[in-house]
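**Student:** could you look at this predicted model? Sequence included:
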Amino acid sequence: MTAIKHSLQRDIFTPNDERLLSIVNVCKAGKKKKNCFLCATVTTERPVQVKVVKVKKSDKGDFYKRQMAWELRDLTEVDAKDANKENPEFDLHFEKVYRWVASSTAEKNSFISCIWKLNQRYLRKKVEFVNVSAQLLEELPKAEESVPSGENQSVAGGDEDALDDYQELNAREEQDIEGMMEVCEYAISNAEAFAEKLSSELQVLDGANIQSIMASEKQVNILMHLLDEALAEVDTIEGKLSSYEEMLQSVKEQMDQISQSNRIIQISSTNNHKLLGEIEFLVNHMDLSKGHIKALQDGDLSSPKGIEACINASEALLQCMNVALRPGHEKLTAVKQQQQLFCELRDTFARRLTNHLNNVFVHQFNHFSHFKMTIPQFYRSSCLSLPGHDQSSTLAQNTAELTLPKHHPLHRDLLRYAKLMEWLKSTQREKYEGLSRTYVDYMTRLYDREIKDFFEVAKIKMAGTTKEGKNKFATLPRKESALKQETESLHGSSGKLTGSTSSLNKLAVQGSNSRRSQSSSLLDMGNMSASDLDVADRTKFDKIFEQVLSELEPLCLAEQDFIIKFFKLQQQPALAQAETDDTDGAIQTKPSASEHRNSMSNEKDMVRMMMTKIFACIEMELNSLIALGDKIDTFNSLYMLVKMSHHVWTAENVDPASYLSTTLGNVLVTVKRNFDKCIFGQIKQMEEVKISKKSKVGILPFVTSFEEFAELAETIFRNAERRGDLDKAYVKLIRAIFTNVEKVANESQKTPRDVVMMENFHHIFSTLSRLKISCLEAERREAKHKYTDYLQAYVINSLGQPLEKLNHFFEGVEARVAQGVREEEVSYQLAFNKQELRKVIKEYPGKEVKKGLDNLYKKVDKHLCEEESLLQVVWHSMQDEFIRQYKHFEGLIGRCYPGSGITMEFTIQDMLEYFSSIAQSH
C-alpha cells in the first residue's frame, strides 16, 4: 500500500500541487468487484482545499488515472455502518449517497479518522459521523487547535505523526543552545553528563518556583477575599435585575392585552367594511326601481314610450335575476324575498307581453285580410274573353297586377317588440315558443291565400299566351277567393322584354320560309303546332315566369330576415343566458363553447322550420306553374331552366342554407327534369320519323328542327349559369341526328343514299358553322368530313353512266396491268387491242358526250332539293372529276398504246364548254 501511495503522490497529485494524506482500497457495494482508491488530499497552496478523489487503475496499462473528485465541504455525512463490530462497509453522503466496501477494516478506520481530523481542522465540525467508534474520533490537541492553520502546520494523518514530533528550532533557541554548549565543554563529547547537568539545573529551578508560590499565599488570600466581595456584589445586581424583570413582565402582560384589544378592534372594523360591501353589492345589483316595477306591472305596450320603458324595465329585471350571488347570499331572507318578487314580476310581465303580442298578430292578420280582391271571377272572365275596349276590360287591366302584397308595415310594427322577444326567450322559453307557433299559424294562412291567388293570376296570364292554352286553362278549376295584385293585363302589357328579343325576332323571320313549313315541328309536345307559338308568346311567358320569381324572392328574404330579427335567431345573445329557478332563484352557469355552437345550429333549424311552415305552398305552386308552362310549350323548359338557375345562384350567394335557396333548388330539379324530358322527346321524334316513298327526301325535318332549337337555345342560354346542361343536350341531340340521318338514308328509295347524307350533313355543317357552338366543334368537323365524303361518292357513282363502255374498257386495262401484264404489252391482248380501243372511242363523240352530260344534269337536279342549293356545287365537282378521268384515260392510252396516235374525240376545252353550256341552259 505504501508503494501505491508513493506512486499516486508522484504521478497524480504532485503535478496538481496536492498532498496525499490517506488512502483506502474500495469497491462499490452490491456490484461486481472493480477496485479503486479513495484518496484524502489537501492543496499545498493557500487557501487550502480539501478533496476526496477517486482514482482508478487504467484497463490498458499499469498506470492510474483520476476519475472523480468531491470537495470535502460537500460531504454531509459519513456512515461507518457499525461502531462495535468490524465492518468494511461505509457510506459517504455527497450530492447523493455513495456506498463503498473497503479491502480491510483497518484501512477504512484509518481513512475515516483522517476525514474526521480534516473536518475538525478545516470545516469546523461540519460533517456528521454516524456509527463511528469513539476511539477514532480523537480531539486534536488544544495547542494544535490554537495554532493558525498554514504556519508550517501539518494535518493529522499516518505520515504526520512523525512530523508532529519534530519541530524546527527558531534562531533564538539555536543561540541559547549554542551558548549552553559553549559553557559546557563536554556537551558534545559526553551527552549523558550534559543531560544530567541540565536535569539538575531544572530541578533547582522547579524548587525555586515552588518556594515562590508558597511565598505568595498572602496575596492569594487577598485575592480570594476580593473574589468573595465580587460575588456578593453580583448577588446584589442579580436581585435588582430580578425586580426589573418582574416589572417588565407586568408591562409585557399589559402590552399583550392592548395588542389583543387592537387586533379585535381591527377584525371588527374589517368585518364591518366587508358587511357594508356585501350590503352595497346586494342593494346595487338586486334593487329594482319603482318605475321599472310599475312598467312591468302596468306599462303600456302599445305606445313607443311605453314599449321603451318596458324594454328598460325588462333588461333591469333580467340583470337583477342574473346577478352572480356570492356563497351564502341565497340563505339571506331579504335575498329570498327579492328573488321571489323578481320571479313574480317576470311571470306577470311575460303573461302581459304574450297576450299583447297574440292580440297584435290577430289584428295584423285581420288588417291584411280586409284587402281581399272582390273581382277575381270578373277578372278571370275578362281575361279569357277577346280583348276589347269596354269599361269592364279597362277595369280589369287597371285593377289586377301580378305582384305580391308587401308586409313591411307588419314587420315594422312588430320589430318594436324584438328586444322584448329576446327577453322572453331568455326568461320564459315556453311562452316564447308558443308565440312563435302562433305567429307561424297566422302567417301560414295569410301567405297561403296570397300566394295561391298570385299563382292563379300567373297561370291565367300564361295560359292566355296561346288560344289553345286559353281553352285548356279555361277548363281548370277556379277558386272563388280573391286574386291579389298583378303587374300588367293580358292584352295591354308594355313592360321591357326580358331575354334577347332581337334574336327571337330573327327566329320569327326565319320561321316563315319553306323549311319551317316542311319540318315536323318539335314544339308540339303539348299537341300544339309551332305556327301557334310566335316570339311574342314565348317572350311573354319568359317575362311572366321571371316576374313570379322576382316577386317570391324578396318576399321570402324579407320574411326570413324579419323572423331572425324578431325572434332573435342566429344571433349572438346580447344579454346573459343564465336563468333563475322559479323557486329559489339559483343561477345557472354560462354555456360552454360546444353548447353555444349547438344552440346556434338549433336556431338555424328553427328558422328553416318556421319558413317551411309559413311558405309550405310555394314549392307546390311553383311545380304546378312549371307543369302548366311545360304543357303549353315544352321549349318553355329552356326559359325556366335559365331563370330558375339564376335565382338559385343568387339565393345561394345571399345564404346557401336559406329556405329560399333550398326551395328553389328543389324546384330547379323539376325544371331540369322537364328539360331532359324535352330533349328526350326530340330524340324520340327523330327515331320515329317517317319519309315518303314517292317524293325525294331533301332536308330531314329533325335537322331543320335542331337548327331552330339551337338558335332559340343560344339566345336563351347566352351568359347563363347552366350552360353545361345545354352543352350536354347538344351532344345528345347531334349524335341522335347523325344516327337517324344515316338510318333514313338507308331506308330512302326515291333519293340516293349519298344525296340524303350529303345534303343533310351539309345543312348540319352550315348550321354549326353559323352558330359557332364550341362544344360541338368536333361534330362540326365530322359533319363537314361526312358531307365531303358523300359528295365525292355521289359524283364518282354518277359519272360512271355517261361514258359507261369507256369506263369498263379502261377498268379492264387496269385489271390486266394489276395482274402483271406490262403496260406496253396490253395492246397485244385480244380484248384490249388498238382496234377495240378505237371502236369504243368512236362510240363517244363530242355530241354523244354532251348529250350524256345533259341527261346527268337533269338526273342530279331531280335528286337534289332546292333548299340547300347544292346543284352547282355538285355539277362543279362532277366537272373536276370528269376532267380527272379524262386525263387518266389519256395517260393509260399513252402508256399502253404508245405511238398508236389514238386520242379521244373531244378535248378538255370541249368538256369545259359542255359543262358550262348545260349549266347555263338550265
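**Tutor:** On my side now, so go ahead. Residues are numbered from 1 along each chain as shown.
**Student:** residues of the strand or helix carrying Ala350 that come out buried?
**Tutor:** Per DSSP states H and E: Ala350 is located in helix 333-369. By 16 or more other CB atoms under 10 Å, the buried positions in helix 333-369 come out as 335, 338-339, 342-343, 345-346, 349-350, 352-354, 356-357, 360-361, 364-365, 368. C-beta coordinates here come from the backbone N, C-alpha and C atoms, glycine included.
**Student:** what's it packed up against?
**Tutor:** Here helix 333-369 is seen to pack against helix 217-286, helix 290-298, helix 304-321, helix 408-414, helix 418-427, helix 429-463 when contacts are counted using 3 or more CB pairs under 8 Å, 6 or more residues apart in numbering; DSSP states H and E.
**Student:** could you dump stretch 862-877 to PDB, C-alpha only?
**Tutor:** Presented in PDB, the C-alpha positions along stretch 862-877 are these (Å, rounded to 0.1, in the frame of the first residue of the first chain):
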ATOM      1  CA  LYS A 862     -84.100  15.600-109.700                       C
ATOM      2  CA  HIS A 863     -82.100  14.100-106.800                       C
ATOM      3  CA  LEU A 864     -81.200  17.400-105.100                       C
ATOM      4  CA  CYS A 865     -83.600  19.600-103.100                       C
ATOM      5  CA  GLU A 866     -83.900  23.300-103.700                       C
ATOM      6  CA  GLU A 867     -83.300  24.400-100.000                       C
ATOM      7  CA  GLU A 868     -79.600  23.600 -99.900                       C
ATOM      8  CA  SER A 869     -78.700  24.900-103.400                       C
ATOM      9  CA  LEU A 870     -76.100  22.300-103.900                       C
ATOM     10  CA  LEU A 871     -76.700  21.700-107.600                       C
ATOM     11  CA  GLN A 872     -74.000  24.000-108.900                       C
ATOM     12  CA  VAL A 873     -71.600  22.700-106.200                       C
ATOM     13  CA  VAL A 874     -72.200  19.100-107.300                       C
ATOM     14  CA  TRP A 875     -72.100  20.000-111.000                       C
ATOM     15  CA  HIS A 876     -68.700  21.700-110.500                       C
ATOM     16  CA  SER A 877     -67.400  18.700-108.600                       C
END
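**Student:** give me the contact list for it.
**Tutor:** Stretch 862-877 is contacted by residues 514-515, 696-699, 751-752, 755, 758-759, 762-763, 791-792, 794-795, 857, 860-861, 915, 918-919 when judged by CB atoms under 8 Å, 6 or more residues apart in numbering.
**Student:** and it, which residues are buried?
**Tutor:** 863-865, 868, 870-871, 874-875, 877.
**Student:** in JSON lines: those residues, plus secondary structure, distance to Ala316 and pLDDT.
**Tutor:** JSON lines is the format used below for the buried residues of stretch 862-877 (DSSP: H, G, I helix; E, B strand; the rest coil; distance: CB to CB, whole Å; pLDDT from 0 to 100):
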{"residue": "His863", "secondary structure": "helix", "distance to Ala316": "98", "pLDDT": "77"}
{"residue": "Leu864", "secondary structure": "coil", "distance to Ala316": "95", "pLDDT": "78"}
{"residue": "Cys865", "secondary structure": "coil", "distance to Ala316": "91", "pLDDT": "77"}
{"residue": "Glu868", "secondary structure": "coil", "distance to Ala316": "88", "pLDDT": "67"}
{"residue": "Leu870", "secondary structure": "coil", "distance to Ala316": "92", "pLDDT": "75"}
{"residue": "Leu871", "secondary structure": "helix", "distance to Ala316": "97", "pLDDT": "72"}
{"residue": "Val874", "secondary structure": "helix", "distance to Ala316": "97", "pLDDT": "78"}
{"residue": "Trp875", "secondary structure": "helix", "distance to Ala316": "101", "pLDDT": "77"}
{"residue": "Ser877", "secondary structure": "helix", "distance to Ala316": "98", "pLDDT": "82"}
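**Student:** and the spatially closest residue to Lys108 that is not a sequence neighbour, how far is that from Cys617?
**Tutor:** Among residues not flanking Lys108 along the chain, Ala102 sits closest, at 3.8 Å (CB to CB, 6 or more residues apart in numbering). From Ala102 across to Cys617, the span is 105 Å (CB to CB, to the nearest Å).
**Student:** again, but for Ile210
**Tutor:** For Ile210 relative to Cys617 (CB to CB), the value is 143 Å.
**Student:** more crowded one of those two?
**Tutor:** Cys617 (17 against 10; other CB atoms under 10 Å).
**Student:** how about the helix or strand where the more buried one lies as PDB, C-alpha atoms only?
**Tutor:** When elements are defined using DSSP H and E, Cys617 is found to belong to helix 616-632. Output of helix 616-632 as PDB, limited to C-alpha atoms (Å, rounded to 0.1, in the frame of the first residue of the first chain):
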ATOM      1  CA  ALA A 616     -95.400  25.400 -47.400                       C
ATOM      2  CA  CYS A 617     -97.400  26.100 -50.600                       C
ATOM      3  CA  ILE A 618     -94.600  27.800 -52.600                       C
ATOM      4  CA  GLU A 619     -92.900  24.700 -53.900                       C
ATOM      5  CA  MET A 620     -96.200  23.000 -54.800                       C
ATOM      6  CA  GLU A 621     -97.500  26.100 -56.600                       C
ATOM      7  CA  LEU A 622     -94.100  26.600 -58.500                       C
ATOM      8  CA  ASN A 623     -94.200  23.000 -59.600                       C
ATOM      9  CA  SER A 624     -97.800  23.400 -60.800                       C
ATOM     10  CA  LEU A 625     -96.800  26.600 -62.700                       C
ATOM     11  CA  ILE A 626     -93.900  24.800 -64.300                       C
ATOM     12  CA  ALA A 627     -96.100  21.900 -65.300                       C
ATOM     13  CA  LEU A 628     -98.500  24.400 -67.000                       C
ATOM     14  CA  GLY A 629     -95.700  26.100 -68.800                       C
ATOM     15  CA  ASP A 630     -94.300  22.800 -70.000                       C
ATOM     16  CA  LYS A 631     -97.800  21.800 -71.200                       C
ATOM     17  CA  ILE A 632     -98.200  25.000 -73.100                       C
END
